[in-house]
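A.B. asks: Quick one: sequence plus predicted model below, questions after.
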Amino acid sequence: MTLRRLVSSAAAALALATASSAQVVFTNATTQFPASNAGDTENVDFGDVDGDGDFDAILAEGGDGGNDQNNIWINRGGEAGGTIGFFADRTTTQFPAVLDQSRDIEFVDIDLDGDLDIYVSNTSQLSNQSNRWWVNMGGAQGGTQGFYQDQSAAHWAGLGVAGQSSIAASQILPSTGFIDFSCDCDFGDLDNDGDIDLVHSSYGGAFGGNVPTRLFVNNGSGVYAEFNPSGYQLTAQTISVGVPGIWCQGNQATNTTNSTGANCDVASSALDIDVGDIDGDYDLDILHGARQEPPRMFRNLLETGSLAFRDVTGAVFPAGYSSGNGHYEQEMGDCDLDGDLDIYGLNWQVAGAFNDITLRNDGAGTYSNIQVLSGSGADDNEGDFLDYDNDGDLDIYVANFSGQDKLYRNNWTGTGNFSHTDMTSTLMPSAANTALDADCADLDQDGDTDVMVSNDGGQPEYYFKNTLNTVDTRIPRVPNLEQAPARTAGAAPTIVRAHVYDNASYYVTWYYPVTLEYRVQPSVAWLSTTMQASQGQLFRGGLPGALVGTVEYRVKVVDRMGNIGYSATKSFVASCPAVVSYCTAGTTTNGCNATLSASGTPSASASSGFTLSVSNVEGQRQGLIFYSVNGRNSSVWATGSTSFLCVKAPTQRLTTLGSGGTNNACNGAFSIDWLAWMAAHPTAVGQPLTSGQKFQGQCWFRDPSAIATTNLSQGLEWTLCP
């Protein structure tokens, strides 16, 4: 760990020196894009659609330019004869043939089958259209990975249904979906159930800002139903002041500064949505952008026991944080490496012209230290975080709508507030275009971050290749890991969440292999299970519920260059579950109902001290206790019998015993130290004993006058402690 940190520091110093002396950091490598590179391109997103390990690209086309075909460009690094970082247009073979007015396109695994599906955000600005669900046909779909099918109709549920949906019935389209004006949608596991939910923004007709943003929850298989705890349904397309805030606490109030839950504003000219945990409580909050109104923040109150949101804009942002209009986009990232999400706000503040700002998170989700980015007084359209010089902090690339794109270097020194310096004139090539979006990732896998810019008005997309060639040696960070509470072992897993950061946007870290490692003391070896990206900076994983004892756990992250980071190790105590009686004892000839019980501790490390006893047995009879490791059962022992077999086969018999007592009376009994018997029989079922193992036991004994000449006690289940 120390060696890696020293190497990282040296690389950072070299990167800064190189960046300071170089004429440019990025060169225009647009010739590595397909020749058919032109259109009204609104958005680009990266993901590995075909599972070959490199980033492919999808592009949203159309927007106000009219109906057009969205595109998919495959990175040829994984193809025979292909070269990493060179892209081929595979739209006609791998995408549905759909013409629409797309403003946004997002990768998301909606059905949890391990491959990337797609959500397309469309606008009804020119003709009534709906957003679409395109499903990757690999994996459980039975087709070829990376080939997509439009399955929009199958992935909406309950649209326009009174009492469930806020959407007026008049807005439902006969083909699929509903009329809306969506420029950006975002995804995240809002309710912490392990699947990815949807935040669906709307800017309203003609940017009217009066059509509400809506939330949709995933049912686990990729079907989305509206989250509308208010039960309120609009009567038309727009929402009125004073009616319930649909998914947010309180009533709708335009530009409210109330943060008590009495009012909220869910309708604005939203052009951008971001989700992330701003306050460190391990659920996803919502940063809601707006074109004409101040951006808003909604805090997730999941920690109260159920999914709920409160508009906290007035409480978390400083006075004067935003004015004027043109707040097209914002990004969240940890700019000062203190383990929380800061904000880059595009055109959030106007001082005679458009200006971009940064805001520092104080750790509890409250923002201060407004820094205006020098040189940003222009019509910027979108910004993304990247670490172009691999010095470990987040720089900013800004796509400009009517002029030169910009590059800002983060000046954070390790303490205090952060700021950014405009490096455009010395480090950027000429990029005077009509840019609508930029995404940043290592497209050629050489260890530094490249940029892809989507341009409007028929201009070609730009591919800016990073020429520093400084390999990233920075270690991913997991500064915050959720504390698991003490619990009793059982079937349900122990869910924990963690914040994962790196010197990259979180849409890059989502694809990192993140594992939850665990061990039960005093074990030395770590076991592991996969964690899933909840999106934002949040990952979610489950520890096996059957663990018993002091359980240690930590998070391991591996970035795309193989750098490994760990969280701190935490622990919790999982106690041994109580011995449970279940099933029904039979009734013997003399009316006896045998009862199996236990005393002592069922310990995996002890050689004695856990005794199984049976009382209320027929006197002077033979019997034995048997057990299984295969679970509970409840089947009739024999035709006409009152007994039930309470354990699943195969079973293991213990030593035959005599009940003692008096003949034809219910005063017989059996008793045996189960742990001592197991110690003497190392090859018996269930050996070797391990902490958390479950066993099911029952007593069989003779009852000659009864049906089947035998009888059974009820069942007993116990779990081994360490």
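C.D. replies: Good, I have the coordinates. Residues are numbered from 1 along each chain as shown.
A.B. asks: CA-only coordinates of stretch 133-142, as CSV, when you get a sec.
C.D. replies: The C-alpha trace of stretch 133-142 is given here as CSV (Å, rounded to 0.1, in the frame of the first residue of the first chain):
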residue,chain,number,x,y,z
TRP,A,133,-37.0,0.8,-23.1
TRP,A,134,-34.5,-1.1,-25.3
VAL,A,135,-33.4,-4.5,-23.9
ASN,A,136,-30.0,-6.1,-24.5
MET,A,137,-30.8,-9.5,-25.9
GLY,A,138,-27.8,-11.3,-24.3
GLY,A,139,-27.9,-13.4,-21.1
ALA,A,140,-31.4,-14.5,-20.0
GLN,A,141,-32.9,-13.0,-23.2
GLY,A,142,-31.4,-15.9,-25.2
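A.B. asks: Helices along the stretch 501-650 of the chain, start to end?
C.D. replies: 506-509 (DSSP state H, counting those that start in this stretch).
A.B. asks: so where's it uncertain?
C.D. replies: Judged by pLDDT under 70, the stretch 501-650 of the chain has no weakly predicted residues.
A.B. asks: Show me where it has its strands.
C.D. replies: Residue ranges of the strands in the stretch 501-650 of the chain, as given by DSSP state E, counting those that start in this stretch, are 514-520, 527-530, 532-535, 538-543, 549-558, 564-566, 570-575, 580-582, 595-600, 610-617, 622-628, 632-636, 644-647.
A.B. asks: how about the longest one: buried residues?
C.D. replies: By neighbour count, with 16 or more other Cβ atoms under 10 Å as the criterion, the buried positions of strand 549-558 are 549, 551-557. For glycine as for every other residue, the C-beta is placed from the backbone atoms N, C-alpha and C.
A.B. asks: Could you single out the nearest of the residues you listed to residue 347?
C.D. replies: residue 557 (33.7 Å; Cβ to Cβ).
A.B. asks: With adjacent residues omitted, what lies nearest to that closest one?
C.D. replies: residue 476 (4.0 Å; Cβ to Cβ, 6 or more residues apart in numbering).
A.B. asks: thinking again about what came up before, let's have the strands of the stretch 501-650 of the chain in TSV, adding distance to residue 227.
C.D. replies: Formatted as TSV, the strands of the stretch 501-650 of the chain follow (distance: least, Cβ to Cβ, whole Å):
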stretch	distance to residue 227
strand 514-520	27
strand 527-530	27
strand 532-535	16
strand 538-543	18
strand 549-558	29
strand 564-566	34
strand 570-575	31
strand 580-582	37
strand 595-600	46
strand 610-617	48
strand 622-628	44
strand 632-636	37
strand 644-647	43
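A.B. asks: among those, which is nearest residue 59?
C.D. replies: Between the strands of the stretch 501-650 of the chain, strand 532-535 lies closest to residue 59; by Cβ to Cβ that is 20.9 Å.
A.B. asks: hang on, the earlier thing: go through the strands of the stretch 501-650 of the chain and name the closest to residue 217.
C.D. replies: Using Cβ to Cβ as the measure, strand 532-535 is the one of the strands of the stretch 501-650 of the chain that comes nearest residue 217, at 13.4 Å.
A.B. asks: Can you tell me the strand partners of the closest one and which way each runs?
C.D. replies: strand 538-543 (antiparallel) (DSSP bridges).
A.B. asks: how about the CA coordinates for the strand it pairs with, as CSV?
C.D. replies: Included here for strand 538-543 are C-alpha records, laid out as CSV according to Å, rounded to 0.1, in the frame of the first residue of the first chain:
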residue,chain,number,x,y,z
LEU,A,538,-23.2,4.2,-3.9
PHE,A,539,-22.7,0.4,-4.0
ARG,A,540,-24.8,-2.3,-2.3
GLY,A,541,-23.9,-5.8,-1.1
GLY,A,542,-25.3,-8.6,1.1
LEU,A,543,-23.4,-10.7,3.7
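A.B. asks: how big is the angle separating it from strand 570-575?
C.D. replies: 30 degrees (axes from the mean of the first three to the mean of the last three Cα atoms, to 10 degrees).
A.B. asks: residues in contact with strand 538-543?
C.D. replies: 188-189, 192, 194, 276-277, 282-284, 484, 493-500, 514-516, 518, 529-534, 551, 553, 555 (Cβ atoms under 8 Å, 6 or more residues apart in numbering).
A.B. asks: Compute the inter-axis angle for it and strand 549-558.
C.D. replies: Using the same axes, to 10 degrees: strand 538-543 against strand 549-558 is 140 degrees.
A.B. asks: any idea of the angle strand 538-543 forms with strand 514-520?
C.D. replies: Using the same axes, to 10 degrees: strand 538-543 against strand 514-520 is 30 degrees.
A.B. asks: Would you mark the buried spots in strand 538-543?
C.D. replies: 538-543.
A.B. asks: Likewise for stretch 38-55?
C.D. replies: 39-50, 52, 54-55.
A.B. asks: ditto for stretch 401-418
C.D. replies: For stretch 401-418, using 16+ other Cβ under 10 Å, the buried residues are 401, 404-410, 412, 418.
A.B. asks: Can you pull out the low-pLDDT segments for the stretch 351-500 of the chain?
C.D. replies: In the stretch 351-500 of the chain, residues with pLDDT under 70: 351-353.
A.B. asks: Spell out the residue ranges of the strands in it.
C.D. replies: 354-361, 367-372, 380-386, 395-400, 403-404, 406-410, 420-422, 432-433, 435-441, 450-455, 462-466, 477-481, 487-488, 494-501.
A.B. asks: And the buried residues of strand 538-543, which is closest to residue 652?
C.D. replies: residue 543 (29.3 Å).
A.B. asks: Skipping adjacent residues, who's closest to the closest one in space?
C.D. replies: Residue 543's closest residue in space is residue 494 (Cβ to Cβ, 6+ apart), at 4.1 Å.
A.B. asks: what's near enough to touch that neighbour?
C.D. replies: With Cβ under 8 Å, 6+ apart, residue 494 has these contacts: 484, 487, 542-545, 547, 551, 572, 574.
A.B. asks: how far away is the nearest residue to residue 502 once chain neighbours are set aside from residue 415?
C.D. replies: The shortest distance from residue 502 to any non-neighbouring residue, by Cβ to Cβ, 6+ apart, is to residue 476 (4.4 Å). Per Cβ to Cβ, to the nearest Å, residue 476 is found 22 Å from residue 415.
A.B. asks: again, but for residue 376
C.D. replies: For residue 376 relative to residue 415 (Cβ to Cβ), the value is 25 Å.
A.B. asks: With residue 195 instead?
C.D. replies: 40 Å.
A.B. asks: Endpoint to endpoint, stretch 53-70 covers what distance?
C.D. replies: Length of stretch 53-70, first residue to last, Cα to Cα, to the nearest Å: 23 Å.
A.B. asks: Only the buried residues of it, if you could.
C.D. replies: Going by 16+ other Cβ under 10 Å, stretch 53-70 has these buried residues: 54-63, 65, 68-70.
A.B. asks: One more: stretch 577-596?
C.D. replies: Within stretch 577-596, judged by 16+ other Cβ under 10 Å, the buried ones are 577, 579, 581, 583, 585-588, 592-596.
A.B. asks: from these, which two are the most distant?
C.D. replies: Longest span within the buried residues of stretch 577-596, Cβ to Cβ: 577 and 588, 30.3 Å.
A.B. asks: The residue nearest the centre of the chain: what's it in contact with?
C.D. replies: Centroid-nearest residue in the chain, with Cα atoms, centre = their mean: residue 534, separated by 1.2 Å. By Cβ under 8 Å, 6+ apart, the residues touching residue 534 are 188-189, 192, 196, 284, 497, 540.
A.B. asks: Fine by me, we can end here.
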